[in-house]
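K.L.:
Task: produce atomic coordinates for the following.
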Amino acid sequence: MQDEALTSVFVGLRQRLRRMATAILGDSDAADDALQDAFCRLWTRRDRIAPGANAEALSTATVHNVCIDALRRRSHAPTVSVIDNLLTEPPDDDGDDAPRREMLLQSVERIIADRLSPQQQAIVRMRDVEGRSFEEIASALSMQPTAVRVALSRSRKLIREIYLNNHEDE
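P.N.:
Prediction:
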């Protein structure tokens, strides 16, 4: 299948595939990630995909399979982000939880500074600290809003994984 044909088919189905992925995953950011992953899988096999109904069926099946894979991975990982957890945990019985929270936040900040690219750092700060919209971030960084969502989702996932690996015994 020609490169343009696969892209055309996938783009034409994008809204339907996104709705399907969102319904399966329950999260539009995760659905966007799934669509991107599915397109990458299809792209590597583009020469073996026949145009027309076959391409549509294969696109739908690939998105479905990517979503199922994501659900399986999610079932083995916590669903609350580290930062959200720090902000919503009930305080200790003695009421003096501030030093512990400060230590945890510093740990997350170190992960962001040491392990994320400058672009990922900027996206996380603009969204989570400054509260800027995806469109504002995209404009500031010369990106598409969808690319900002994907980068933010992947950055948060990386932060969460590193944090949990570093603090397994707590």
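
K.L.:
pLDDT wise, what is the closest residue to residue 135 other than its chain neighbours at?
P.N.:
Once flanking residues are discounted, residue 135 sits nearest to residue 145: 5.3 Å by C-beta to C-beta, 6 or more residues apart in numbering. (Glycine included, C-beta is placed from N, CA and C.) If you check residue 145, the pLDDT there is 87.

K.L.:
Then the one 3 residues further on?
P.N.:
In this prediction, residue 148 carries a pLDDT score of 90.

K.L.:
show me what contacts it?
P.N.:
123, 127, 134, 137-138, 141 (C-beta atoms under 8 Å, 6 or more residues apart in numbering).

K.L.:
where's the residue most central in space within the chain relative to residue 28, distance?
P.N.:
Among the residues of the chain, the one closest to the centroid is residue 153, at 2.7 Å (C-alpha atoms, centre = their mean). Residue 153 sits 10 Å away from residue 28, going by C-beta to C-beta, to the nearest Å.

K.L.:
now swap in residue 142 and tell me
P.N.:
Taken as C-beta to C-beta, the span from residue 142 to residue 28 is 23 Å.

K.L.:
now the protein, which segments are flagged as low pLDDT?
P.N.:
1-3, 5-6, 51-53, 75-97, 169-170 (pLDDT under 70).

K.L.:
Helices along that one, start to end?
P.N.:
3-25, 28-44, 53-75, 82-88, 98-115, 118-124, 134-141, 145-166 (DSSP state H).

K.L.:
hmm, back to that, give me the more crowded residue out of residue 142 and residue 28.
P.N.:
Higher neighbour count among residue 142 and residue 28: residue 28, with 14 against 6, using other C-beta atoms under 10 Å.

K.L.:
Tell me how many other residues surround the nearest residue to the more buried one once chain neighbours are set aside.
P.N.:
Spatial nearest neighbour of residue 28, excluding adjacent residues (C-beta to C-beta, 6+ apart): residue 22 at 5.3 Å. Counted by other C-beta under 10 Å, the residues lying close to residue 22 total 18.

K.L.:
now do the one 3 residues further on
P.N.:
Residue 25: 20 surrounding residues under other C-beta under 10 Å.

K.L.:
Contact partners for it?
P.N.:
31, 34, 67, 70-71.

K.L.:
how about 10 Å then?
P.N.:
Contacts for residue 25 (C-beta atoms under 10 Å, 6 or more residues apart in numbering) come out as 31-34, 66-68, 70-71, 74.

K.L.:
from those residues, which two are the most distant?
P.N.:
Within those, 32 and 68 form the most distant pair, 16.6 Å apart (C-beta to C-beta).
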